[in-house]
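J.: please work out how this folds:
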Amino acid sequence: MTAAWTALDLLQRVRTRTGTEQTPWLATAALAMGGGVWAMHFIAMLGFDPGAPVRYDVGLTLLSFLLAVAGTAGAFFAATRARLGRGQVPAAGIAMGLAIALMHYVGMAAMRTTATVGWRPELVLVSVLIAIGASMAALWAAGRDVSIPRRALAAGVLGLAVVGMHYTGMAALRLQPTAMAMGEAGAPSLAIAIGVASMTIVILLTTLAASIADQRTRLLDVIEAGGVGYWEIGLRDREVSLSARAQALLDLPPGQTSYAFDSPPWLRQEDAETRQDALRRALAGEAPYDVEFPIGDGSRWVQAHGSLIRSRSGRPIKLAGVVRDITDRRRAFADLETSERRQKLLINELNHRVKNTLATIQSIAALTARRVDDVEDFITLFQARLMALSDTHNLLTASGWEKATLRDLLSKELRPYSSEQIRLEGPEIWLEAPQALAMGMIAHELATNAAKYGALSLAGGCVRIVWADVDADGRVTMDWNESDGPPVTPPSRTGFGSRLIATSLKGDLGGTVDIDYRPEGFQARLTFRTSPRPGPGSLPQTA
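T.: Residues are numbered from 1 along each chain as shown. This is a model prediction of the structure:
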């Protein structure tokens, strides 16, 4: 039964491998099963008393062992093939059964005693049939991925069947005592039995240990193939044992496969209490062990996760789990937190700008309504001023609502007019968003006034806008000069446009305006503050 259990366990290793990797496990399974059957035969022979001393021929005894192992190996090889025809399993079972029966009878032939040996053919046939039936059952179990209870049941059935074959074969034996003396050749039956039993026990224990070690190795291979490492903590000494991948994840020196839980080489003082509390709760069965901590300079983070392993009786055995790199996850959470603080800052900024824009629109609507005589004039002026505000918004949007150049703002507002009537002269001057909005409205009012009453109202008129570079006090002076237009006369009262220009300059631009209604052409000098010039590559220039 032990041999059958071991063989069936080893055959599960065969089924999880391909190609040449199957060969060592097939050979080991055949050695366990064949050797177990062979050992059962010779140990059982200790209970056989022919009425005279018994010795065994060593050569035939070894031959019987080889027959059991070879027959089992061939049958197991056939049973573990991926595709089998309907007749292959019965054929393999017959071959294995005949090999086991032949092992039995060759082993009997190795017996040396004074009695004459005879056989009852009908019982010999029954023993062979039992051996074939047991072999087919073994092959059926070998070809299935059975659970532990079913494997135990299969091992019990196989063990009983093989024992039944042996004793049926022994029942077929007929001994006739003779007066012939037995020679001294051959080994005593007790020595043979003890040797066989010892060798078989060694084989079974070795194969079981190999199977358990292979199972652990396969498990660790699967774990480490997923990019994680394995660790376990002994409950007595609190020593942490590590797999190769776990060593690498924890940046341990090569060959350091363990360390004391209370003094790991990477421990930070602020992490010690968290680790101890997590260990206490895990050992008490309150929660899994789950701790995250930095490695090295803190640029990399790992997570250790595990749980308490208990025996079938419920006794704690060890704490075991996995360790994995979570640096990307930590960075993702940090980036998400930064992003959320930013999506919030932008919403607050948008809320602020929308309120400011609505206040500007409200002011434009109120002041425009005071200076018009009918609804149509109001709609025309109000829409024009809203479009000017919108154009400035579009220009700022193109630069991420950071800054815009004075030249781009003026070009945007004067674009509807002939380029031959416009002259722009001056260096690159950058305006921040609030300043750009104010300057856009100012430029719109000046251009509208020139188109209605000034130089842009005639085909030959010209508007020349000249500005100097930022002075030492951070101020800019810009001159708006109109020429070749109709004669200019000062207005009888100050209009909305003039007040908007003065108010915008005084507010966000922190400046003043000096207006001169010369007969030969309107002139205005604007003085205002601006932002510092950005360094190379800080913002793209608007074409």
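J.: tally of neighbours for the closest residue to residue 361 other than its chain neighbours?
T.: Leaving aside its sequence neighbours, residue 361 sits nearest to residue 386 (C-beta to C-beta, 6 or more residues apart in numbering; 6.9 Å). Using the backbone N, CA and C atoms, a C-beta is placed for each residue, glycine as well. Using other C-beta atoms under 10 Å, residue 386 has 14 other residues around it.
J.: hey, where'd the helices end up in the protein?
T.: Taking DSSP state H, the helices of the chain run over residues 2-15, 22-44, 58-79, 88-109, 121-142, 148-171, 189-225, 244-249, 269-283, 327-370, 375-398, 406-414, 433-452, 496-506.
J.: quick one: which of the ones you listed is nearest residue 299?
T.: Closest of the helices of the chain to residue 299 is helix 327-370, at 7.6 Å (criterion: C-beta to C-beta).
J.: tell me the mean pLDDT over that closest one?
T.: On average, the pLDDT along helix 327-370 is 74.
J.: can you redo the helices of the chain as JSON lines with distance to residue 425?
T.: Shown next, in JSON lines, are those (distance: least, C-beta to C-beta, whole Å):
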{"stretch": "helix 2-15", "distance to residue 425": "88"}
{"stretch": "helix 22-44", "distance to residue 425": "88"}
{"stretch": "helix 58-79", "distance to residue 425": "96"}
{"stretch": "helix 88-109", "distance to residue 425": "98"}
{"stretch": "helix 121-142", "distance to residue 425": "96"}
{"stretch": "helix 148-171", "distance to residue 425": "93"}
{"stretch": "helix 189-225", "distance to residue 425": "71"}
{"stretch": "helix 244-249", "distance to residue 425": "66"}
{"stretch": "helix 269-283", "distance to residue 425": "64"}
{"stretch": "helix 327-370", "distance to residue 425": "29"}
{"stretch": "helix 375-398", "distance to residue 425": "20"}
{"stretch": "helix 406-414", "distance to residue 425": "10"}
{"stretch": "helix 433-452", "distance to residue 425": "15"}
{"stretch": "helix 496-506", "distance to residue 425": "21"}
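J.: can you flag the weakest of those helices by average pLDDT?
T.: helix 189-225 (a mean of 66).
J.: quick one on the thing from earlier: how about the helices of the chain, which one is nearest residue 238?
T.: helix 269-283 (8.2 Å).
J.: list the contacts of that closest one.
T.: By C-beta atoms under 8 Å, 6 or more residues apart in numbering, the surrounding residues in contact with helix 269-283 are 233, 235, 261, 267, 287-291, 293, 306-308, 316, 319.
J.: change it to 10 Å
T.: 233, 235, 238, 261-264, 267-268, 286-294, 304-308, 316, 319, 321 (C-beta atoms under 10 Å, 6 or more residues apart in numbering).
J.: buried stuff in it?
T.: 275, 278-279, 282 (16 or more other C-beta atoms under 10 Å).
J.: can you name the residues that contact residue 176?
T.: By C-beta under 10 Å, 6+ apart, residue 176 lies in contact with 115-118.
J.: which pLDDT value goes with it?
T.: 74.
J.: quick one: the nearest residue to residue 404 once chain neighbours are set aside from residue 528, how far?
T.: Spatially, and ignoring its direct neighbours in sequence, residue 404 is nearest to residue 436 (4.4 Å; C-beta to C-beta, 6+ apart). Distance, residue 436 to residue 528, by C-beta to C-beta, to the nearest Å: 12 Å.
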